[in-house]
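Colleague: sequence and computational prediction follow.
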Amino acid sequence: MFFQLQHTDPSSSARAGILETAHGHIETPIFMPVGTVGAVKAVHQHELVDVVQAQIILGNTYHLYLRPGTDVLQKAGGLHQFMGWDRPILTDSGGYQVYSLSSKRKIKEEGVTFTSHLDGSKHFFSPESAVDTQREIGADIIMALDECTPYPCDYHYAKNSMGLTHRWLQRCCGHFDKTAGLYGYEQNLFPIVQGSTYRDLRKESAEVIAAFDRVGNAIGGLSVGEPEEDMYEMTELVCGILPKEKPRYLMGVGTPFNILECIALGVDMFDCVLPTRNARHGLLYTAKGVINIKNAKWKEDFSAIDENSTSHTSRHHTKAYLRHLIHTGEILGAQIATLHNLCFYLWLVKEARLHIIAGDFNAWKNGMVASMRQRL
């Protein structure tokens, strides 16, 4: 993998770059649609390419490990072959899903034991097995196993958790470096910065992660309930420490305005379930603000869902029609709304990139953030 930093905005820390992987290049900043179980919900793979123009998607190690299982994925030739996707894939380590199963898991130095949400069966992830599982899935970018701290958590817990994450990282790197991918192409390991919302812990973690000198780095443990101001403060602090010449991935963030603010702080890569999850509930993102299509005000609105969308679907269908589909539970409603939101997210980061290159990103960002925060 190779990352080339091309431009930096003169009035912020926003960056534009190119990330080269075995399955193609990625223009940053970039948003990665979440394909939890090998599919982005309600969207065909050809739509991801031709309509959404996604350059990379995210798969979920915890869910893919449980279903269909890595034995099936290996027989298929890896997740790319299994799902018919020839562009880059990033997988998380499963750490966040294990974190969300707080009542069904037990964390020790050796790793984490957890109970499947499907059938109650017991499973174990160690730093080494998390690497092996992601090797078997076949992602281009894989994540080190970490513990995601909840918010709020006390300083003592956050410090101990961060230390565990760093020790697990040492084991992940050692195992990754002595193993090889299964499908004939290079895979790449990203460590994850932790430390909750404590400045000294975040600083220490960022310095430790940078010292591992991997090809890219991730920032975890944010967007878990903390105030936006804390998320931005921690992101700015960490981006000021992580090496400029390597891509920075902020995990699980977020709303369109969160993404723009964090691009301004120096982040290159994002993922979040919000555009797909909220679409299924009738929440649409636009450059002018957020639309709750379930509201009665749209019942007889025969204007386009979004006349400025890059999606033909959003320009062709009306708000009244989409509201009808969502209210009746028609699957097509979820498909149209999901395509709209993903197209908007990918348009947004593409526009951000253009403004970074043009040198006027910060002024454009400030106007967009104010507009996108509105409820229409």
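Modeller: That came in fine, so what should we check first? Everything quoted here is computed from the prediction, not taken from an experiment. Numbers count the residues shown, from 1 in each chain.
Colleague: ok, residues contacting the helix or strand containing Q81?
Modeller: Assigned by DSSP states H and E, Q81 falls within helix 79-83. Helix 79-83 has contacts (Cβ atoms under 8 Å, 6 or more residues apart in numbering) with 23, 35, 38-39, 45, 59, 64, 68, 72-73, 76, 85-86, 89, 137-139, 183. C-beta: built from backbone N, CA, C; applies to glycine.
Colleague: in strands, which of those residues appear?
Modeller: Those of these mapping onto strands are 59, 89, per DSSP state E.
Colleague: buried ones from the contacts of helix 79-83, can you make that a PyMOL selection?
Modeller: Buried residues within those, by 16 or more other Cβ atoms under 10 Å, are selected in PyMOL with:
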select buried, resi 23+35+38+45+59+64+68+73+85+89+137+138+139+183
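Colleague: who touches V290 in this structure?
Modeller: 283-284, 372, 374-376.
Colleague: let's see 10 Å
Modeller: 255-256, 278, 283-284, 372-376 (Cβ atoms under 10 Å, 6 or more residues apart in numbering).
Colleague: for the strand or helix carrying it, buried residues please.
Modeller: Using DSSP H and E, V290 sits in strand 289-292. In terms of neighbour count (16+ other Cβ under 10 Å), strand 289-292 has its buried residues at 290-292.
Colleague: just confirm H25 is within a helix.
Modeller: No. Going by DSSP: H, G, I helix; E, B strand; the rest coil, the assignment for H25 is strand, not a helix.
Colleague: quick check: closest non-adjacent residue to it.
Modeller: Residue nearest to H25 in three dimensions, not counting chain neighbours: I18, with 5.6 Å by Cβ to Cβ, 6 or more residues apart in numbering.
Colleague: direction included, what does the helix or strand hosting that neighbour pair up with?
Modeller: According to DSSP H and E, I18 maps onto strand 15-21. When sheet partners are counted by DSSP bridges, strand 15-21 sits next to strand 2-8 (antiparallel), strand 24-28 (antiparallel).
Colleague: where does the stretch 101-250 of the chain dip in pLDDT?
Modeller: Low-confidence segments of the stretch 101-250 of the chain (pLDDT under 70): 101-103.
Colleague: now the strands for it?
Modeller: Here the stretch 101-250 of the chain has its strands, by DSSP state E, counting those that start in this stretch, at 105-107, 112-115, 122-125, 141-143, 188-190, 192-193, 217-219, 248-250.
Colleague: most tightly surrounded among those?
Modeller: strand 192-193 (a mean of 30; mean count of other Cβ atoms under 10 Å).
Colleague: counting by contacts, list what it packs against.
Modeller: For strand 192-193, the packing partners by 3 or more Cβ pairs under 10 Å, 6 or more residues apart in numbering; DSSP states H and E come out as helix 155-177, helix 199-211, strand 217-219, helix 228-239, strand 248-250.
Colleague: okay if I get the ones you listed as a markdown table plus distance to I107?
Modeller: Shown next, in a markdown table, are the helices and strands packed on strand 192-193 (distance: least, Cβ to Cβ, whole Å):
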| stretch | distance to I107 |
| --- | --- |
| helix 155-177 | 7 |
| helix 199-211 | 17 |
| strand 217-219 | 19 |
| helix 228-239 | 22 |
| strand 248-250 | 23 |
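Colleague: please identify which of the ones you listed is closest to R315.
Modeller: With Cβ to Cβ as the measure, strand 248-250 is the member of those nearest R315 (30.9 Å).
Colleague: how far is the helix or strand following the closest one from where the chain is centred?
Modeller: Later in the chain than strand 248-250, the nearest helix or strand by DSSP H and E is helix 256-264. Centre-to-centre, helix 256-264 and its host chain are 13 Å apart (Cα atoms, centre = their mean, to the nearest Å).
Colleague: now do helix 256-264: which elements does it pack against?
Modeller: strand 15-21, helix 228-239, strand 248-250, strand 269-271, helix 274-280, strand 283-286, helix 331-358, helix 361-372.
Colleague: deepest-packed of those, please.
Modeller: Taking mean count of other Cβ under 10 Å, strand 248-250 is the most buried of these, at a mean of 26.
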